[in-house]
Every structure is written in C-alpha cells, then in structure tokens.
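Peer 1: attaching a predicted model along with its sequence, questions to come.
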Protein chains: 2
Amino acid sequence: MSTELKWTKTDQLKPKPDETSLPFGRIFTDYMLKVTYDEGQGWSEPHILPYGPIELDPAAMVLHYGQTVFEGLKAYRTTDGHVQLFRPDENMKRMNRSHRRMSIPEFDEDRMLKALIELVNIEKDWVPSHEGTSLYIRPFVISTEANLAVHPSKSYEYYIILSPVGSYYPEGINPVKIQVEDEFTRAVKGGTGTAKTGGNYSAGYNAQEKASKSGHAQVLWLDAIEKQYIEEVGSMNVLFKIDGEIVTPALSGSILEGVTRKSILELLHSWDIPVLERKISIRELIQAQKDGTLEEAFGAGTAAVVSPIGSFTYKGESYQVQSGETGELTKKLYETITGIQTGKIEDPFDWTIKL
Amino acid sequence: MSTELKWTKTDQLKPKPDETSLPFGRIFTDYMLKVTYDEGQGWSEPHILPYGPIELDPAAMVLHYGQTVFEGLKAYRTTDGHVQLFRPDENMKRMNRSHRRMSIPEFDEDRMLKALIELVNIEKDWVPSHEGTSLYIRPFVISTEANLAVHPSKSYEYYIILSPVGSYYPEGINPVKIQVEDEFTRAVKGGTGTAKTGGNYSAGYNAQEKASKSGHAQVLWLDAIEKQYIEEVGSMNVLFKIDGEIVTPALSGSILEGVTRKSILELLHSWDIPVLERKISIRELIQAQKDGTLEEAFGAGTAAVVSPIGSFTYKGESYQVQSGETGELTKKLYETITGIQTGKIEDPFDWTIKL
Ligand SMILES: Cc1ncc(COP(=O)(O)O)c(C=O)c1O
Ligand SMILES: Cc1ncc(COP(=O)(O)O)c(C=O)c1O
C-alpha cells in the first residue's frame, strides 16, 4: 500500500475481528485520518496516523458548545473481491452544508474525498466480505479552541475513523414496531435538523428510551410546530407506499437529506413509480391504514439501507402496516441498493467508486 | 489548604494573571475536579488534579452525538477579602435537570456541591479582587463511551474548571443594540432548550454572526412555532419594564431557567414591584415602544448580571428603548445583585455561601 499523504506508520497492527459477529461502531481499524484547521491558515494537509486517543484542553469548545459535524458512509466488499464506496461525494457535500449551519469553515470537497479514499485504500483489508457486513466510515469535525466564550471556534480538527460492522439484519430483514412521538422534538425549522451535528442525536435519547420501554424499536418524529406532520424515523428518512404511490416528507427545513432517500427517489423515478415529496400528517397515515391503502412503510438510511415498519403506535393506539410483513417494494429497493453497493447488480447511475 | 478529597498535587503552579485585563474563559487555574461515571458503578469519588488535557477515544460519544451538559456560576471576592458563591445549589439542581433531559444519570447534588466548594477553596487565591472581576466556575459532563451507536453513553466524565474573568463592563454598564431573529431558531418546546447542553449554543452561531455583521451585539430569540413570542436574548433571559410592570417570558418549555432571572423575580417581589411571567410577542413590544410605555429592557444572566438593551431591530426597523440609556430599575437590580455577590450589601435571602 502507498499513499501521497503524510502517513505515520505503526507496526502494531491489530488482529482482524471475526466477521460473523461484528458489532456496530465498537471496533476500529489501525489508522485514522486527521486534518486541522487554524484561523488564518485554513485546513492543513491530511495526515494518516495510528488510531489513538485525541487530547483536548478541558476548555475545548466541542466539550461545551457542541460545535461538531459528522458523516456516515460505508465501504463494501464486492462479490469479486474489490472494495467500493457508495456516493461518497454526497457525504462530502452534505458535510459542507452541515459546516455552514454550524459556522464551521467549509473545506474542499474533492480534496477531502481523495483523502478519504486514500485512507480506505490503506485499510482495505479491514473491509469484511461476509454477507451484509461493511466498513463503516465516520468523518467528523470537532471545535478545539480552548475558550469558554460562546462563539465559533478559531480551530478545528477533522478526523476519519473506520469501523468494520456486521449486518444490520443478521436474522433477515424484519419489520419493526415504531412509536409516534408527540411530546419530544428532534428538530424544528430554523434549527439544526438539516445538519448532521451531534446535538440533534442526543436530543432524541429521552424519546428513544420512552419508545424502547413500551416495546418499540424506533421513534417516528413529528414536526415541532403542529405535531402532525411526519419527519423522520429514528435517524432515518421515512417513506410510505399509499395506494400505489410513494410518499415521503418534503425537505422542509428540519429533516436531514439522506443519501439513501435520494437514491431511492432516483431509483423509483427510473422504474416509473410515482413519488411525491410533500407534507404527510399522522392523521393521513392513520386514515390510509384504516382504508387499507397504506401498503408499505419503511425507514431509509446508510446503516440499514431500508428498515420496514410493521406497525406504529400513536397516542396508545397501534396500527399495523398491511400484513405486518416486509413489503414487495421495500424488499426490491433493499435488494437493488445492496446489490449495487456490493457489485452484484450493475450500477447504471455511477453511484459507486471502485478503489 | 487541605481537603478531604483525593488530591493529586503539582508544584508547578502558574503565575497569577494581571487582574486589570482578564479575558473571559481563556485563563485557567492550577487544578480541576474530575468525577467519573461507569454503568453499574455510579459516580466515583471526586478527584482534584492538575489542570491538563483530557484524553478521549476518537469514538467517544461526546465527539459525535453531543451528549453533554454544563453549568456556569461564579465565586466572588468580597470587600472584606472573603470568597463567596452565589446560589450554587441552584446550578447543581439545574445540572441534574439537564442530565434528565439528556439521558445522563443524575448525581447527588449535595455531594457535588461540596466537591465544588472544596475545589474553589483550594483555588481561593485565584479569585480576583479587582472591581467587577470574579472566578468563573464551569462544571461540565461529557459522554465518553467509545461507541458509534446512537444511544446514551454507558460512561461519563464530570469536570469542574475555573477561570478568573474580568468585568463584563470594563467601561461601565452600557446598553446594546439587539437583532430580533426571525429565521434561525435556538430551541423549541419538546427540544433541549430547557437544558444547558452544548448543541443549543452552537445552534445560535449563524444568527449571532448575522447579528454582528449588521452591528448588533446580541440576538433576541423568538419562539420557534409562531416566530412571535420573545424567548431569550443571546444566552440570557430577558425582562421588560412596560408601563410600570415587569414582564418576562414564562418558562414555556424552550427557555433556560436562569438563576439570575429567578433572583431578579424574587428581589422585585420583595420590593413590591409587580412582575408578570407570561407570553410577550414582538408586536406587543413594538406597540409598547410606540406608545412610550416600554420603559426598560434587559438581559439577565450570570456573566453580565444584567445587560441593558438600548434598541432592537425587527425586520429592518429599529426601535429605541426610551432614551437608549440604562434604566433606573435595571441599574438598581445590577447594583443590588452585584452588591450581594460581593458582600457590599447584606444578603437577606441567604443566597450566598461564604467559603
Ligand atoms: C437524522 C438522520 N436522518 C436520515 C439519515 C439517513 O441519511 P443517509 O441515507 O445519508 O444515511 C441519517 C443518517 O444517516 C440521519 O442521521
Ligand atoms: C440559554 C441561557 N439562558 C439564560 C441563561 C442565564 O442563566 P443564569 O442566570 O443561571 O446564568 C443562561 C446562562 O447562563 C443561558 O445559557
């Protein structure tokens, strides 16, 4: 392996984990990538160095004011043994959008994508090949100025860490129960919901704990203002098939624009299946369920690709989505996208980048 | 100095800074306090150790999902040379409230207050005595589990760091121009606005930068839902004197409950000045300004105590608050509270704790 980047090597390489029992996000590879930002100097050259602790001043802003941004994408082992990425340019673009919202200086997307690819290339052997596994890629930026004044940091550190992860569906894809949350809020227009920033995620823990206690796998988020319009499910976008049409909440200013959602919409378009991006209220969803026209419902995100919804609970009442089984279209989307990601299916959209 | 706590000493004490030119939150004392939490073991014994870097795994949850809480209070040098704290029990209580909202395990408030007092006691010599100066106390909790799964951390670190800070008003208390923000949102009911958690603060940077560019010192936040009702100003609560009455936004679920606000309400009550905690819209404020009944307007928080508002700009139109000078009541509140804090005025409320 070679790279044009600055690379501090270690000869203490870790043993590779058992591919059949990989957890999510707890095992990390040998190297990470680091880029620093200092006011007046801009973003530094990327540096690949051994995975290891980050040292922060106790007054580092990230520990106080949550000025952070992250991304999440995956590298896949193809059936013929190659490694490829799925639309990583979209993640770099979204990262810069998140930077803007969080008052973090933007970076050069192409340069950062190149650095990401070089890191994955060095860590290629860590990309597992067992069915459903992948190498999860986590770029993130933290604000590092040691200053308790409430204002944007003058210095940042950008890292990429890599984690081999198991299948989201070790026992096959199965519909889950979700809880419609009508008290807690994830995000609101004018807030940070369109950015992938830390605070949005811990903001959801209370609701997630409430949902778990009542036997639900995920929270279905409603809009903060009227508590009527559906926004996302857990940390995924959400789509419904109602009376033959696909409906998904429009990007209204409080929803994260998912790469999976975008890919699904493009796929459906290519299949001539009608798609509507619009407001959809929980009442409309319940009505469709009662009328028998709510045919499918599923979350969409990098981790699960699609996550079928078997039933949803709203104000104590539960509603089953059709038979409670994974829908035909949900299955087809899952197979097509994972097929493209792993090279089993041809990629007519140029979504994949082969290493 | 002695303490019952575990104390790792250093003999490399830093020189004390010049008290006449202290910045905010950039100079730190010799020691910090640390308490750790591990699932199954609860909060550990506090440990006082030399101020120095925190080591975090790159996957530590605080760097990704913003599960953090902080507090801010001050130790004051009294005119007779003692050191005292202002209502620190309120900060410990609020911290636990913030913990609940952020799914962080609660701690024993009394024990944590005792530990805080012991740390300040050890660092007593760092409490400056120059007019308007104080020792800023920053307790904070970070989530440290190395795990990229989106759920509450299983381990935490709690720290207190101390920073001698200068006067908020080196050139005397002066009214500022504020910008009424009608696009960006700080917080919404059901969200995290009632908790002192990092994400709320960086969420405001875009708006703060916009306000600064147009020559305004602070942002006046409106409610997220109707963009009509006044919530806070910058990182302070806000109060108005309208036609002889004090009006302040009620704690509606998206406002942080300030210790200064609470103290002001208690003071006003003791002075028999009518106070209303209720909704107040920007329209009402503009109408009062036009009618000549908007007598005073000010922010309230630990950093500034009170911060008079000279004028506010809403949708391009500017409105001056009376003469644009600091109001009589604003001044009296400032003098009374700072008087109690520094021991110049007797403390009939038992707000202060002498070390
Ligand atoms: C809040 C939120 N919504 C939706 C998504 C789905 O986005 P993507 O398909 O890019 O993974 C994510 C993240 O992955 C998310 O964090
Ligand atoms: C958002 C916000 N509002 C209000 C306040 C005022 O609270 P206190 O008077 O306790 O300092 C603070 C913090 O200090 C704050 O961060």
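Peer 2: Received, thanks. Ligands and ions are numbered 1, 2, ... in the order given.
Peer 1: remind me what the helix or strand where A:K114 lies packs against, helices and strands.
Peer 2: Element membership for A:K114 (DSSP states H and E) is helix A:109-122. Secondary-structure packing of helix A:109-122 (3 or more CB pairs under 8 Å, 6 or more residues apart in numbering or on different chains; DSSP states H and E): strand A:31-38, strand A:47-50, strand A:83-86, helix A:88-101, strand A:134-143, strand A:155-165. All C-beta atoms are positioned from the backbone trio N, CA, C, and that covers glycine.
Peer 1: can you tell me which of the ones you listed is nearest to B:L267?
Peer 2: B:L267 lies closest to strand A:134-143 among those, at 37.0 Å (CB to CB).
Peer 1: the closest one close to ligand 1?
Peer 2: No. Shown here: strand A:134-143 not in contact with ligand 1 (CB under 6 Å from any ligand atom), separated by at least 10.8 Å.
Peer 1: can you give me the helices in the stretch 101-250 of chain A?
Peer 2: A:109-122, A:199-202, A:205-213 (DSSP state H, counting those that start in this stretch).
Peer 1: give me the residues contacting the last one.
Peer 2: The set of residues that contact helix A:205-213 without belonging to it, under CB atoms under 8 Å, 6 or more residues apart in numbering or on different chains, is A:178-179, A:181, A:183-184, A:186, A:217-219, A:221, A:234, B:67, B:100-103, B:150-152.
Peer 1: please apply the same query to the longest one.
Peer 2: Helix A:109-122 has contacts (CB under 8 Å, 6+ apart) with A:1, A:3-5, A:7, A:31-33, A:35, A:46, A:48, A:75, A:83, A:85, A:88-89, A:92-93, A:95-96, A:127, A:135, A:137, A:139, A:158, A:160, A:162, A:353, A:355.
Peer 1: angle of it against strand A:31-38?
Peer 2: 150 degrees (axes from the mean of the first three to the mean of the last three CA atoms, to 10 degrees).
Peer 1: can you report how many residues lie near A:Y169?
Peer 2: Counted with other CB atoms under 10 Å in any protein chain shown, residues neighbouring A:Y169 total 15.
Peer 1: which residues does it contact?
Peer 2: Taking CB under 8 Å, 6+ apart, one finds A:132, A:304 in contact with A:Y169.
Peer 1: which parts of the stretch 151-300 of chain A are strands?
Peer 2: A:155-165, A:176-181, A:218-222, A:230-233, A:237-242, A:245-249, A:275-278, A:294-301 (DSSP state E, counting those that start in this stretch).
Peer 1: and the second one with ligand 1, contact?
Peer 2: No. Shown here: strand A:176-181 not in contact with ligand 1 (CB under 6 Å from any ligand atom), separated by at least 13.7 Å.
Peer 1: quick check: closest non-adjacent residue to A:L355.
Peer 2: Once flanking residues are discounted, A:L355 sits nearest to A:V83: 4.5 Å by CB to CB, 6 or more residues apart in numbering or on different chains.
Peer 1: how close does that neighbour sit to chain B?
Peer 2: According to CB to the nearest CB, to the nearest Å, A:V83 and chain B sit 20 Å apart.
Peer 1: which of the contacts of helix A:205-213 are buried?
Peer 2: Among the contacts of helix A:205-213, those scoring as buried are A:178-179, A:181, A:184, A:186, A:217-219, A:221, A:234, B:67, B:101-103, B:150-152 (criterion: 16 or more other CB atoms under 10 Å in any protein chain shown).
Peer 1: what's around the residue in the stretch 51-200 of chain A positioned nearest to ligand 1, how many residues?
Peer 2: Nearest residue of the stretch 51-200 of chain A to ligand 1: A:G72, at 5.1 Å (CB to the nearest ligand atom). Neighbourhood size, A:G72 [other CB under 10 Å]: 20.
Peer 1: wait, isn't A:Y136 in contact with A:P164?
Peer 2: Yes. Using CB atoms under 8 Å, A:Y136 makes contact with A:P164 at a distance of 7.5 Å.
Peer 1: measure A:A211 to chain B for me?
Peer 2: 12 Å.
Peer 1: sorry, wrong one. I was asking about A:S153.
Peer 2: From A:S153 to chain B the distance is 9 Å (CB to the nearest CB).
Peer 1: same deal with A:T197?
Peer 2: Taken as CB to the nearest CB, the span from A:T197 to chain B is 7 Å.
Peer 1: for that residue, which residues are in contact?
Peer 2: Taking CB under 8 Å, 6+ apart, one finds A:66, A:68-70, A:98, A:101-102, B:66, B:199, B:202 in contact with A:T197.
Peer 1: now the farthest one out in chain A, which residue is it?
Peer 2: A:D291 (33.1 Å; CA atoms, centre = their mean).
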